[in-house]
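Asks: pasted the sequence and its predicted model underneath.
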Amino acid sequence: MPKKTERLTALPAGLLPLLSQPQLETYYGVSDWQITKWIRQGMPVRPFAGRQKRFDLAEVDAWMAEQDPEFVDAGATTPQLVAASA
């Protein structure tokens, strides 16, 4: 039987996973309180099993650009995902 690590496969081109709230916090470098505030302000959220939420990064980036056009006009780059260390 193959090990779990041997079953990993690459995602098809153009397919991005939905991020959890902690992953989105890491991506933007903000706290959980800030994410909650953005959700109340209308940030797009995808419902997930139970009370969890998931976020489509493309939708969130578009929402962020709508909220702060200067972010895009200033040529700011979006943060990069950082691998968590064990």
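Replies: Okay, I see it. None of these values were measured; they are calculated from a predicted model.

Asks: so which strand or helix has residue 37?
Replies: Here residue 37, judged by DSSP states H and E, is contained in helix 32-40.

Asks: go on, residue 58?
Replies: According to DSSP H and E, residue 58 maps onto helix 57-67.

Asks: can you give me the buried ones in that helix?
Replies: 57, 60, 63 (16 or more other CB atoms under 10 Å). Where C-beta positions appear, they are placed from N, C-alpha and C, glycine not excepted.

Asks: circling back: what angle do the helix holding residue 37 and helix 57-67 make?
Replies: Helix 32-40 runs at 80 degrees relative to helix 57-67, counting by axes from the mean of the first three to the mean of the last three CA atoms, to 10 degrees.

Asks: host element of residue 13?
Replies: Using DSSP H and E, residue 13 falls outside every helix and strand.

Asks: for residue 67, see how far away it is.
Replies: Plainly put, residue 13 is 29 Å away from residue 67 if you go by CB to CB, to the nearest Å.
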